[in-house]
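>>> Let's see this in three dimensions:
(4 chains)
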Number of protein chains: 2
Amino acid sequence: MDAYRSGENKVITIYDIAKEAGVSASTVSRVLTNNAHVRNEKKQRVLELIEKYDFKPNAMARGLSDTRSKVIGIITADIRNPFYADVFVACEVAAQKAGYTVMLCNALGERMQEEKLLEKLQEQRVDVVIQMGGRVDDLVSDASYVEKVNKLMNNIPMVVTGKLDGTQCYQVRIDAMKCIDLLMEHLIELGHREIALIGGRMNVLSTFEKFQRYKQNLSRYKIAFKEALTVEDGGYDYETGYARMNKMLDQGIRPTAVIAINDFAAVGIVRSIQEHGLGIPQDISVVSYDNTYVSELVSPKLTTIDYNYESFGEQLIETAIASIEGGENPKLQLIPPTLIVRGSSGKVPEIIG
Amino acid sequence: MDAYRSGENKVITIYDIAKEAGVSASTVSRVLTNNAHVRNEKKQRVLELIEKYDFKPNAMARGLSDTRSKVIGIITADIRNPFYADVFVACEVAAQKAGYTVMLCNALGERMQEEKLLEKLQEQRVDVVIQMGGRVDDLVSDASYVEKVNKLMNNIPMVVTGKLDGTQCYQVRIDAMKCIDLLMEHLIELGHREIALIGGRMNVLSTFEKFQRYKQNLSRYKIAFKEALTVEDGGYDYETGYARMNKMLDQGIRPTAVIAINDFAAVGIVRSIQEHGLGIPQDISVVSYDNTYVSELVSPKLTTIDYNYESFGEQLIETAIASIEGGENPKLQLIPPTLIVRGSSGKVPEIIG
DNA sequence: GTGAAAGCGCTAACAC
DNA sequence: GTGTTAGCGCTTTCAC
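From the prediction side, this is the model:
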């Protein structure tokens, strides 16, 4: 018994349908695509047979003949990260509405993988690729990746959630500066002036932007910048938040509020603060970015930044489709964030130890 | 300016390569597939041109001609759930090793979606589909879905992480009974006899199995079954854990250990216990299933069940590929779980209130 | 409105 | 070894 016995049940083609319906294949194709008028009587006969045989047109054949696969390739840095999972799902929904299929490729957090995935998507002849995270987050774009993308873009347009200097990629990106503005305004309104920044790497565009804007905001509010309140380099995970906060508190540095680079880091920070016998938000407020479900899993729940994932996904897909179908779109679009206030942030403590 | 201007940069085909290399298209094809010997000199010339033009063979054309797309379709109940994300990633890695591409379709937690996704994958002519969660978790398989799958399986084999009665699907599923055995043995060794079960729905196969086995184990250890310690029906989320545990404690029911249906429910349970002024594990031990990163996010970290996602994914993919290529595989394979002991479980308290 | 025929880019069977 | 040829299943002119 070799292979899957497809012989048993021959897969139906439009020719089979055509033959049995007593029409030509073109006619069947016409009812399939709805691109031309077919006499109603024939149309019905064809439709019935399609139903009868549970016929599904071969997407590959279709893609081959009209050179449009109707699939959107999506590269994520790591789908296990709920941020990407949320955006991806939003994209999938939006794509489906528009009659497109998405194909997810996951870089597993390894930047080396990204080039390979690009090739894979190219082989699949996706109509457009969307890249979320990874190399497109770089403050300084990797030259060899840029070259790769430029080659790809001879045939396939690309939209990214960050940037890629030296390419013509469409950018649909979260307004990082606005994010930190919201967080800082919120904290300053609550009376905080000792605001720490924890997590993230400065070679990541959004992190860099947040850091710059943080300093600008401080001076706008006439607050002195303190090196000790910002941790130069870290990751985006629980461990980073936990370790950095521990270090800060152990050194006797005592911010009244902490901005975590994302929800994961925030959880680590929360843990560290609580283990030091301090209360949130009575002693220290903690806020973060992303509004993933993680932000509702900790106690207290996190004040965080939301992006409206649904419309983020829609905009990504809309831009992607416009780029294939010739619509006009600005090269750069910014997603407006909103503040979600929960229990982790509160008024600055009256007396500071 | 209409559509993406692919005209600017004609996409290269094997004919272009063949022409410039002064060979036939078949020769180019041969070096591409490595299926036959080509004189080294020609081979080199072709390879150079492929490099020069960054040529990538069209996967659709390839799939059309050999009627094997080399893509594995994967349906998940919800990729935002880290359990599925972990399994999916493991599958992707395994598939890539085997020269296959995966295509993820997400049912968004809506069972109605699953049939549509099946159709979509059928159109894409995936070689095999793997379904994780959703309808294949049902204790009693949905008849109309079974019918759909049986039609599909005339042409495309299918492997599921649960079961689908009345179909010939391959099953690669977690050994649910062994899971609860591990958990209960662990707890009983620690001296627990008042063990609660929280979360999950009885119409879900794995949950049902766990419940049955729970009762069997109790009687094996000569522990009386108490209705009050098991909550008939719930979900798989934080809220379920939180609400059910609250209810139990508020009613004065005081287990010394709780088995949560998954890490999310466990977090809710932990929260509830802590809010009741009780300690974990001093007063109550909490254990759960899945070993997602959530289990390391709570404090104390959770004792939980792990499945070795990597090998789970490999087995899924291996079975999938065997089913297309004609390998022999048992219809049902069980994934052995392992126990991960962390801080949330400890010895039963000496004196029980 | 509808059929015939060409072609999308590749693989594989067949000759030489 | 290598070129020629015939499809794979669909869409799309082009006639009629």
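
>>> just the helices in chain A please.
A:14-21, A:25-33, A:40-53, A:59-66, A:82-97, A:111-123, A:143-152, A:176-189, A:205-220, A:238-250, A:263-275, A:309-325 (DSSP state H).

>>> looking at the ones you listed, which is buried most?
Compared across the helices of chain A, helix A:263-275 shows the largest average neighbour count, a mean of 25 (mean count of other CB atoms under 10 Å in any protein chain shown). All C-beta atoms are positioned from the backbone trio N, CA, C, and that covers glycine.

>>> for the residue nearest to residue A:303 when sequence neighbours are not counted, what are its contacts?
Counting by CB to CB, 6 or more residues apart in numbering or on different chains, residue A:303 lies nearest to residue A:345, which is 4.0 Å off, once chain neighbours are set aside. With contacts defined as CB atoms under 8 Å, 6 or more residues apart in numbering or on different chains, the neighbours of residue A:345 are A:186-187, A:190, A:257, A:281, A:285-287, A:303.

>>> Ok, residue A:264 next?
Contacts for residue A:264 (CB under 8 Å, 6+ apart) come out as A:236-238, A:241, A:294, B:297.

>>> Relative to DNA strand C, which of the contacts of residue A:345 is nearest.
residue A:287 (51.5 Å; CB to the nearest atom of the strand).

>>> Verify the stated contact: that closest one with residue A:182.
No. At 9.3 Å, residue A:287 and residue A:182 do not qualify as touching, with contact defined as CB atoms under 8 Å.

>>> Any residue of stretch A:122-139 touching chain B?
Yes. With CB under 8 Å from any CB of the partner chain as the criterion, chain B is reached by stretch A:122-139 at A:122-125, A:127-128.

>>> Can you pick out the most distant pair from those?
Within the residues of stretch A:122-139 next to chain B, two members stand farthest from each other by CB to CB: A:123 and A:128, at 14.9 Å.

>>> Let me know the pLDDT of the one residue in the stretch 151-300 of chain A that gets nearest to DNA strand C.
Going by CB to the nearest atom of the strand, DNA strand C is nearest to residue A:155 of the stretch 151-300 of chain A, at 10.1 Å. Listed pLDDT for residue A:155 reads 89.

>>> Look up the closest residue to it, ignoring the ones flanking it.
residue B:11 is the one closest to residue A:155 (CB to CB, 6+ apart), at 5.0 Å.

>>> Tally up the residues packed near the one you found, please.
16 (other CB atoms under 10 Å in any protein chain shown).

>>> Let me see the backbone angles for it.
The phi/psi pair for residue B:11 (degrees, to the nearest 10) reads phi -80, psi 130.

>>> Would you mind confirming that the residue of the stretch 151-300 of chain A closest to DNA strand C makes contact with residue A:324?
No. Look at residue A:155 against residue A:324 with CB under 8 Å: they stay out of range, at 10.9 Å.

>>> Residue A:316 and residue A:268, how far apart?
30 Å (CB to CB, to the nearest Å).

>>> residues contacting residue A:132?
Here residue A:132 is in contact with A:74-77, A:84, A:87-88, A:160-161 (CB under 8 Å, 6+ apart).

>>> which of those residues are close to DNA strand C?
Among these, no residue lies close to DNA strand C (CB under 7 Å from any atom of the strand).

>>> so which two of these are the farthest from each other?
Top of the distance list for the contacts of residue A:132 (CB to CB): A:88 and A:160, 14.3 Å.

>>> Residue A:213 reaches residue A:182, doesn't it?
No. Counting by CB under 8 Å, residue A:213 stays clear of residue A:182, with 10.9 Å between them.

>>> mind putting the helices of chain A in CSV, distance to residue B:146 and mean pLDDT included?
Formatted as CSV, these follow (distance: least, CB to CB, whole Å; pLDDT from 0 to 100):
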stretch, distance to residue B:146, mean pLDDT
helix A:14-21, 25, 95
helix A:25-33, 27, 94
helix A:40-53, 19, 94
helix A:59-66, 25, 92
helix A:82-97, 25, 96
helix A:111-123, 34, 93
helix A:143-152, 43, 94
helix A:176-189, 48, 98
helix A:205-220, 47, 97
helix A:238-250, 43, 96
helix A:263-275, 40, 97
helix A:309-325, 33, 95
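
>>> could you dump the ones you listed to CSV with distance to residue B:320?
Formatted as CSV, the helices of chain A follow (distance: least, CB to CB, whole Å):
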stretch, distance to residue B:320
helix A:14-21, 28
helix A:25-33, 29
helix A:40-53, 25
helix A:59-66, 19
helix A:82-97, 22
helix A:111-123, 18
helix A:143-152, 29
helix A:176-189, 41
helix A:205-220, 38
helix A:238-250, 34
helix A:263-275, 32
helix A:309-325, 29
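
>>> nearest to residue B:136, of the ones you listed?
Of those, nearest to residue B:136 by CB to CB is helix A:82-97, at 20.0 Å.

>>> That closest one versus helix B:111-123: what angle between them?
Going by axes from the mean of the first three to the mean of the last three CA atoms, to 10 degrees, helix A:82-97 is angled at 70 degrees with respect to helix B:111-123.

>>> What residue in the stretch 201-350 of chain A comes nearest to chain B?
Taking CB to the nearest CB, chain B has its nearest neighbour within the stretch 201-350 of chain A at residue A:326, 4.4 Å off.
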